[in-house]
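J.: Compute the structure for the input listed below.
(chains A and B)
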Amino acid sequence: MLVNEIMRRPVTVIEAATPLGEAFRQLQARGFRHLPVVDRGRLVGIVTDRDLRLATSSLSPAPRTALEPVSLVMTSPVLTADPLDPVEDAARIMRDRKIGCLPVLDGSDLVGILTGMDLLDALILLTGVTKPSSRLEVALADRPGELARLTAFLAARHVNIHSILTHPGADARVRTVLRVGSSQTRPLAEALRTDGFEVLWPAQKPWQP
Amino acid sequence: MAALIHRAEYAGYDFGPEHPFAPARLDMLLDLLQSLGHGVSPIAAPAATRAEILAIHDEAYVSAVEALDQGRPAPDAERFGLGTPDNPIFPDMDLATRWLVGGTLHGARMLMAGQEQRVLQLGGGLHHAQKDHAAGFCLYNDLAVAIQALLEHGWRVAYLDIDLHHGDGVQDLFYGNDRVLTLSIHESGHYLYPGSGHIQDLGNGPARGLSVNIPLEPFTEAGDYLEAFDAVVPRALAWFAPDVLVVQAGADAHFADPLGDLALTTQAFQSLYERIFSLADAHAQGRVLLTLGGGYEAQVVARVWAILCLTFLGLPLPEHLPAVWMDRWRHLLGPGVPGGLHDPASALPDLPGREARSRRNRDVVTRLLDSLHRLWL
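T.: Residues are numbered from 1 along each chain as shown, chains lettered A, B, ... in the order given. Reported below is the predicted structural model:
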């Protein structure tokens, strides 16, 4: 999944000379938290609602007035993403630098913006919970071919897989969480166990030894 | 003042011998009622027409069902949820489903005509079917078609879904309608199909607060289940004061169900049914329309739904299952059949993790009520 598949567009921007008060009104009116700042069509910075509130707060040692330009409080230079960056790379940059959004540049053109909310949308999409489906969780040995064996098992039963997530589990096993388009995961789990898979969910019922 | 609805054609809703939604379950139930000496004579309702189906479903979807059931190819079958392990294609499935929808719709019409106060449709309950696709063994949504007719009659409708699975189809179809209250109590979608029905799903726009979901932990037992039901359902019905109550009475929350993880006993189901009838009397003008639904262990659903029918008709429960019935259905009953309608007292052992489970279930109910109190002003 690439950044250009989940970024928002078109992007609302403000000019560097815009007064702080006007920038704040725009953020409020549109329900945004981030505004890229441009100067003669070029991205020069980014300003957040938090930047504006802190800069103008009476608690600040030198509060700015509503008439001063955003260029004085914006963050510059800006970290940006490329439309063809993988989503996970963009997410890692945002996490490492503790920032809430990345403007997306294609050359010097501002083509989109990616926020933490868009990454949550991506997570929901990747986990497949937007379609009627059931959870199936299997612990696989960490060696070539194990995931293929699992998916081949499901393919043979014509079970559609909406998503697969894997993460390292205990004792060198790979926890594999699938959302599958079937309501019959319990019989499926029985059959998987018969075939030697370690199925974590659906678990065996405590009253059926 | 109480009528049953059923006809032989319901057996045509059959996804094949390997599929859990087997028509034999209904045959066993009807035969059990006959064998108990209750000469039940259900009303045979007409099939729903295409136009009646289109009150809820998209024409493109209905046309796809019609094409596929005549063996005509529809390359986009899977887009409509058809031809999957859950919803295999079978001959004449359009008409087979319209018989079921027709029964539920006929039940609604009997209530609207003032002919009956209580109607139990022995079939239907296809609560997963969506506007434009089949899902979870459900092709057309008989409940939604009936609810739509009740709405057009000017009534406000409360829908209660006690199936193991979230009643997502009915909920979604009326998610923004402020004249329908949907209540669903089910195993949590964190694990189980269809994955929805969280406490935060409360309805849209004017209907905010009119979708109510009670998701319960896997392995939840009768005590927790009834406690959650009692904390939410009576309050919701008293507040909404509907003209009629529509109930999807799936039996798959039973502990022996092969597809689910809840742990209700037959005794719990009986308490649940008694609650539902007294809630209909107290808050829905005594009008209640029930359908069956999920439930996939033949000997269990026959017993659970027999308890439903007998409670519905005000008849006493027998001590023992009739020997003729046991003999006739021996091949489907398996070894673990108790001698009576009810499960034996020792059916469930003490389950590990019960305390933690109860705490989580109570937390869920508390959080749900906290949201609803703000919306139900």
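J.: Let me know the pLDDT of the residue lying closest to B:Asn177 once chain neighbours are set aside.
T.: In space, and not counting its chain neighbours, B:Asn177 is closest to B:Ala207: 5.5 Å by Cβ to Cβ, 6 or more residues apart in numbering or on different chains. Using the backbone N, CA and C atoms, a C-beta is placed for each residue, glycine as well. Listed pLDDT for B:Ala207 reads 96.
J.: next one: the one 4 residues further on
T.: Among the per-residue scores, B:Ser211 shows a pLDDT of 98.
J.: How about the residue nearest the centre of chain A: what's its closest non-neighbour residue?
T.: Ranked by distance to the mean C-alpha position of chain A (Cα atoms, centre = their mean), the top residue is A:Leu119 at 1.7 Å. Using Cβ to Cβ, 6+ apart and skipping the chain neighbours, the partner closest in space to A:Leu119 is A:Ala91 (5.4 Å).
J.: Same check on B:Ser358?
T.: B:Asp224 (5.3 Å).
J.: Would you verify that the one you found is located in a helix?
T.: Yes: counting by DSSP: H, G, I helix; E, B strand; the rest coil, B:Asp224 is found in a helix.
J.: show me what contacts it?
T.: Residues in contact with B:Asp224 (Cβ atoms under 8 Å, 6 or more residues apart in numbering or on different chains) are B:216, B:357-358, B:361-362.
J.: Looking at those, spot the one nearest A:Leu200.
T.: Relative to A:Leu200, the closest of those is B:Arg357; by Cβ to Cβ it sits at 17.7 Å.
J.: Please tell me I have it right and that closest one contacts B:Tyr225.
T.: No: B:Arg357 sits out of contact with B:Tyr225 when judged by Cβ atoms under 8 Å, with a separation of 11.0 Å.
J.: A strand includes A:Val44, no?
T.: Yes: secondary structure of A:Val44 (three-state DSSP): part of a strand.
J.: Could you count how many residues lie near it?
T.: By other Cβ atoms under 10 Å in any protein chain shown, the residues close to A:Val44 number 16.
J.: for it, what are its contacts?
T.: Here A:Val44 is in contact with A:16, A:37-38, A:71, A:74, A:76-78 (Cβ under 8 Å, 6+ apart).
J.: before we move on, back to that, need the contacts of B:Asp224 in TSV with secondary structure, can you?
T.: TSV is the format used below for these (three-state DSSP):
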residue	secondary structure
B:Leu216	strand
B:Arg357	helix
B:Ser358	helix
B:Asn361	helix
B:Arg362	helix
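J.: Mind checking which of those are buried?
T.: Buried by 16 or more other Cβ atoms under 10 Å in any protein chain shown: B:216, B:357-358, B:361, out of these.
J.: Relative to chain A, which of those residues is nearest.
T.: Closest approach to chain A among those (Cβ to the nearest Cβ): B:Arg357, at 11.0 Å.
J.: Excluding residues flanking it in the chain, which one is nearest that closest one?
T.: B:Glu217 (4.8 Å).
J.: what sits against the one you found?
T.: By Cβ under 8 Å, 6+ apart, the contact list for B:Glu217 reads B:187-188, B:357, B:360-361.
J.: go on, A:Gly45?
T.: Contacts of A:Gly45 (Cβ under 8 Å, 6+ apart): A:16, A:36-37, A:70-71, A:74-78.
J.: for the residues you listed, which one is nearest chain B?
T.: A:Pro36 (32.1 Å).
J.: so how far is B:Val324 from the residue nearest to the centre of chain A?
T.: From A:Leu119 over to B:Val324 the distance is 64 Å, taken as Cβ to Cβ, to the nearest Å.
J.: Equivalent analysis for A:Arg135, please.
T.: 43 Å.
J.: Repeat that for A:Pro63.
T.: For A:Pro63, the distance to B:Val324 - Cβ to Cβ - is 90 Å.
J.: Ok, B:Pro42 next?
T.: 20 Å.
J.: which sections of the chain are below the confidence cut-off?
T.: You didn't say which chain, so I picked chain A. Along chain A, segments meeting pLDDT under 70 span A:209.
J.: that's the wrong chain, I meant chain B
T.: B:377.
J.: Pick out the residue closest to the middle of it.
T.: Note: chain B centre (Cα atoms, centre = their mean) maps to B:Gln248, 2.7 Å.
J.: Would you confirm that A:Val78 contacts A:Leu105?
T.: No: A:Val78 is beyond contact range of A:Leu105, at 9.0 Å (criterion: Cβ under 8 Å).
J.: residues shared between the contacts of those two?
T.: In contact with both A:Val78 and A:Leu105: A:Leu43, using Cβ under 8 Å, 6+ apart.
J.: JSON lines for the contacts of B:Asp224, including distance to B:Met1?
T.: Listed next are those as JSON lines, based on distance: Cβ to Cβ, whole Å:
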{"residue": "B:Leu216", "distance to B:Met1": "33"}
{"residue": "B:Arg357", "distance to B:Met1": "40"}
{"residue": "B:Ser358", "distance to B:Met1": "39"}
{"residue": "B:Asn361", "distance to B:Met1": "36"}
{"residue": "B:Arg362", "distance to B:Met1": "38"}
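J.: picking up where we left off before, report the separation between the residue nearest to B:Ser358 and chain A.
T.: Look at B:Asp224 and chain A: by Cβ to the nearest Cβ, to the nearest Å, they are 15 Å apart.
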